[in-house]
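Asks: just to be clear, the model below is a prediction. Sequence and coordinates:
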Amino acid sequence: MYWADELAAAVAGPQVVNDSKSPSGTVHIGSLRGVVLHDAIHRALLGAGLESRFLYGVDDMDAMDSQALLTPDAVERYMGAPLSRVPAPAGSNAASYARHFVGEIFFKTFEPLGIKPEFYWVSELYAASRMDSYVKLALDRADRVRSIYLRVSHVERPSIWLPIQIICENCGKIGTTYATDWDGSTVAYTCKPDMVSWAKGCGHEGRVSPLGGRAKLPWNLEWAARWGVLGVTIEGCGKDLATTGGSRDRSEAISREVFEVEPPRNVTYEFLNIGGRKMSTSKGQGVAAHTIAEVLPPEQLRFLFLRPRPNQVIDFDPEGDTIPRLFDEFDRIAAATAGREVKGELPSDHERLFAYSLLGPSPDVTGAAAAFRPAFAHLALLLQIPGVDIAARMEAEKGAPLTDMELALLAERVASARAWLESYAPERARLAVRRDEMPAEVGALDEAQRAYLAALAASAEAEKPGSGDAWQTLIFRVASETGLVSGRAFGALYAAFLGRTNGPRAGWLLAGLEPAFVVERLRAAAAVTPA
RNA sequence: GGGCCGGUAGCUCAAUGGUAGAGCAGCAGACUCUUAAUCUGCUUGUUGAGGGUUCGAGCCCCUCCCGGCUCACCA
């Protein structure tokens, strides 16, 4: 059974699926794995006849800690401030930095993937006092919190430490304050200049109520509190958090022992690596979500994340054959789903995998599976030949007119293939007519092939073929006249124009070039002395 | 040091307890109009090592070896 369906079969009653993201830091392609996974889980729950909500939270009470994202004059003032209070970059009319960044960049990648969670902003949960009862519990039971940190993670907190981060009333920063002395309604705090290295506190000291949005819980407690506030029943997380003694363990212990709430079911998911290496934006290895989305249409991007089980590493190297093969594998699964015979082994419940790769919430699986999908590599090739009518060629391949859905799929693939040719396609997938010099490969042609080229030059000059069809006919006819097997005739042409042993349909290739150049090159190639 | 994932054909990978198999590469062949297409045939295995469970193990359990990521400060 498909893993998401297995999960859905294992639960009962109404479900709340939750995921969240801190808006600080760059969003790269790997960040989308969790989103797509949670969406698939949500759809699996609905498909199993359960009630389900899919929530997505933005951690905008977190402190701004990335200097690279601020203009230099804003660093002094906003480093350490809650992201909800950092203004959006110049030119944006968003209400805050967090809203700009997440709204403009991250959410725009959700919509095309057919993912529509209910968004919520953590700063609003605090401001609306929905977190207050958990803040009080955390402070009342600070000793329990400290002992959990010690027991689960071997982190020792001083006895005056309180699990709360106050927003400084003077400078507005949250990353620089240290709170002590909870008296049941207020805490004392100091905004320390040297609390953290990346932000400077103002030195203010005060006493304030931590409720109603004036403070936030530290990460692990906030996570647990949210499970309680929102009634979360399923929430996966990356393996960096799920390690023994790590964040997830701490939050689960806090949820049970401090808030007395049963934590949600976990689905730990592995990372997405690029070419066997971890993604790192600082090393230029990270692929921004919107960049890869130009090359991979939504369905293939979903497929990339949904085909492996969640706890398997995905090694995605956009170079080489990876992208064409991803399309081919998708098409194979589509064909199998449509009931056609395919080669090779299929994943268990491949039709479920196919359905979840389609854009939700309730796609036409049968129609999509049966649709004609042009082979990606073939399409990329055709795009490089001048004067090819792609739609007509595809119709000929299918043997029937394309439906509206198929035309849309074709347009989508054409755009992907163009983007691929410009970005990740290997040299061997790119065609280039060698205009400037004779390819060295011509030296490998034998006498019969050179004679063929000479004869073709003469015939072309006399008959002046004007179309791909006319050229193709001539190529075959001259081959027949000179007694050369057609495959070797084509080989000679590819060597003379492309410097390779094979290529696209030669007639259309030659028809796209200037007649004078074609004849001249044919003659020159025919005259080359064999190596 | 702890955790997770992986190790299967020359390469990339599939196969969730039931005959180890695909793509690419290679070899041989077909084709007078898809020539990076299509079709036919062939070849390739100590499934990292060892033990265990089972009628049956690539898959489950145990012990190792190798590689990758991750955590151990904060969020």
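Replies: Thanks, I have the structure now.

Asks: and the strands in the stretch 301-450 of chain A?
Replies: A:314-315 (DSSP state E, counting those that start in this stretch).

Asks: neighbours of A:E270, how many?
Replies: By other C-beta atoms under 10 Å, the residues close to A:E270 number 18. The way it works is simple: take the backbone N, C-alpha and C, and place the C-beta from them, glycine included.

Asks: same question for A:A516.
Replies: 9.

Asks: that one: helix or strand, and which one exactly?
Replies: With elements taken from DSSP states H and E, the one containing A:A516 is helix A:515-527.

Asks: flag every buried residue along that helix.
Replies: Neighbour counts over helix A:515-527 (16 or more other C-beta atoms under 10 Å) mark A:V518, A:V519, A:R521, A:L522, A:A525, A:A526 as buried.

Asks: now, which of the residues you listed sits nearest A:A371?
Replies: A:V518 (38.6 Å; C-beta to C-beta).

Asks: how about the closest one: what's its closest non-neighbour residue?
Replies: Nearest residue to A:V518 in three dimensions, chain neighbours excluded: A:L510, at 5.3 Å (C-beta to C-beta, 6 or more residues apart in numbering).

Asks: over to A:S486?
Replies: Using C-beta to C-beta, 6+ apart, the closest residue to A:S486 is A:A479 (4.9 Å).

Asks: for A:G344, what are its contacts?
Replies: With contact set as C-beta atoms under 8 Å, 6 or more residues apart in numbering, A:G344 has these partners: A:R332.

Asks: tell me the confidence at it?
Replies: Confidence at A:G344, expressed as pLDDT, is 81.

Asks: in the stretch 51-200 of chain A, which residue sits nearest RNA strand B?
Replies: A:D62 (4.3 Å; C-beta to the nearest atom of the strand).

Asks: that residue and A:I314, how far apart?
Replies: Applying C-beta to C-beta, to the nearest Å, the value for A:D62 to A:I314 is 27 Å.

Asks: next to RNA strand B, which bits of the stretch 201-350 of chain A? Give me the list.
Replies: A:218-220, A:222, A:239-247, A:268, A:270-271, A:273, A:276-278, A:308-309, A:311-313, A:315, A:325, A:328, A:343-348 (C-beta under 7 Å from any atom of the strand).

Asks: domain ranges for chain A?
Replies: A:1-283, A:320-429, A:440-526 (automatic domain parsing).

Asks: how about CSV for those domains, with distance to A:E294 added?
Replies: Formatted as CSV, the domains of chain A follow (distance: least, C-beta to C-beta, whole Å):
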stretch, distance to A:E294
domain A:1-283, 11
domain A:320-429, 5
domain A:440-526, 24
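
Asks: tell me the bridge partners for A:Q165.
Replies: A:K216 (DSSP bridges).

Asks: just the pLDDT for it.
Replies: With respect to pLDDT, A:Q165 scores 96.

Asks: that one contacts A:K173, correct?
Replies: No. Using C-beta atoms under 8 Å as the test, A:Q165 is too far from A:K173 to be in contact (9.9 Å).

Asks: more neighbours: which of the two?
Replies: With neighbours defined as other C-beta under 10 Å, A:Q165 and A:K173 compare such that A:K173 has more, 28 against 24.

Asks: by mean pLDDT, which helix or strand of chain A comes out lowest?
Replies: None of the helices or strands of chain A scores lower by mean pLDDT, DSSP states H and E than helix A:289-295, at a mean of 75.

Asks: pull the distance from that one to the chain's centre.
Replies: Relative to the centre of its chain, helix A:289-295 is centred 7 Å away, using C-alpha atoms, centre = their mean, to the nearest Å.

Asks: hmm, who's touching it?
Replies: A:27-29, A:31-32, A:105-106, A:108-109, A:112, A:301, A:318, A:323, A:416, A:419-420, A:423-424.

Asks: ok, A:F476 - contacts?
Replies: Applying C-beta under 8 Å, 6+ apart, the residues near A:F476 are A:S486, A:A489.

Asks: now do the one 10 residues further on
Replies: Taking C-beta under 8 Å, 6+ apart as the criterion, A:S486 is in contact with A:I475, A:F476, A:A479, A:S480.
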